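Asks: Need a 3D model of the sequence below.
(one chain, ligands or ions: 1)
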Amino acid sequence: MTDLLTITGLRRDFGSLRAVDGFDLTLAEGDRHALIGCNGAGKSTVLHMVAGAVRPTGGRIAFAGTDVTRKPAHRRSRLGIARTFQTPAPLDSFTCLENLTLAARPHDATSRWRPSRRRAALAERATAQLAALNLADRADTPASALSHGQRRLLEIAMALMAGPRLLLLDEPAAGLTDADMARLLECLGSLPAELTVLLVEHHQDVVTAIADTVTVLHNGRTLTSGTPAEIAADPQVAEVYLGTAA
Ligand SMILES: Nc1ncnc2c1ncn2[C@@H]1O[C@H](COP(=O)(O)OP(=O)(O)OP(=O)(O)O)[C@@H](O)[C@H]1O
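Replies: Next comes the predicted model:
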């Protein structure tokens, strides 16, 4: 497998606070990696820097052989990086189908087609994406009428409409009911094998189900990394979560 994402010495200061302090990570095509750690460890800041929403203070991010450290979010998105947010962000007054076709527009490879053919092709892809996430019966429902769990799934579907190579998921399981969690796990379990996923998540069940490898962040630095089973058995990690680590 070739490396898709290489993060080297990544740093971010907010005033005098060093939120991310020399973070390294390499992901190959198809890797499923989780970032875990206590509140304020720096997980979301790493994700924001990979997405291009927060500018690093130092370090380098390379994606598919291109240095993207200073590239704006929309350029990274065109290169194949898609993300979801801690709070789902679909457009409330638009239907699920409309949200999906809008999400695909900037990445639409059919732009030279006649408008009617183009619309039909996009709608077909969007319908297939909704079906893949068990939302087929919600195609014409406004996003505002969805449950919190369905909005999370819709947001993932929107990210997938861009045809990404790297999917960044920021706490996809936050606030979900058990039933919604089961749907989310099903959805994440059926993502294309070649799609690389970098996940920030507090729910251990989700991390164990999705991730092959895990990095534990503590005070902006990597405390340790390993398989979910290795991390679950690591006493250092337990210390961090119990608040007894330095
Ligand atoms: N825009 C910002 N301005 C100032 N400080 C920030 C900003 N964003 C994050 N921080 C600080 O940086 C540190 C890391 O925050 P971050 O959100 O990355 O942590 P996290 O590990 O994702 O936490 P959580 O699990 O609570 O989401 C925290 O101390 C946070 O308060």
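Asks: Look at P56 and give its secondary structure.
Replies: coil (DSSP: H, G, I helix; E, B strand; the rest coil).
Asks: One more: T101?
Replies: T101 ends up helix, using three-state DSSP.
Asks: got it, and the one 3 residues further on?
Replies: Of the three states, A104 takes helix under three-state DSSP.
Asks: where does this protein have low pLDDT?
Replies: 1, 85-88, 105-116, 242-246 (pLDDT under 70).
Asks: Quick one: the strands in it, in order.
Replies: 3-14, 17-28, 32-36, 58-63, 66-67, 81-83, 166-170, 196-200, 213-218, 221-226 (DSSP state E).
Asks: how about those strands in CSV, adding mean neighbour count?
Replies: Every C-beta, even on glycine, is put in place using the N, C-alpha and C of the backbone. Output for the strands of the chain, formatted as CSV (neighbours: other CB atoms under 10 Å):
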stretch, mean neighbour count
strand 3-14, 18
strand 17-28, 18
strand 32-36, 23
strand 58-63, 18
strand 66-67, 12
strand 81-83, 25
strand 166-170, 23
strand 196-200, 24
strand 213-218, 22
strand 221-226, 17
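Asks: report the longest helix in this protein, please.
Replies: If you go by DSSP state H, the chain has its longest helix at helix 115-132.
Asks: That one packs against which elements?
Replies: helix 96-104, helix 148-161 (3 or more CB pairs under 8 Å, 6 or more residues apart in numbering; DSSP states H and E).
Asks: Any chance you could give me the shortest one in CSV, C-alpha atoms only?
Replies: In other words, helix 96-104. Provided in CSV are the C-alpha atoms of helix 96-104 (Å, rounded to 0.1, in the frame of the first residue of the first chain):
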residue,chain,number,x,y,z
CYS,A,96,-31.7,15.0,1.6
LEU,A,97,-31.4,14.5,-2.2
GLU,A,98,-30.8,18.2,-2.7
ASN,A,99,-28.2,18.3,0.0
LEU,A,100,-26.3,15.4,-1.7
THR,A,101,-26.4,16.8,-5.2
LEU,A,102,-25.2,20.2,-3.8
ALA,A,103,-22.4,18.5,-2.0
ALA,A,104,-21.3,16.8,-5.2
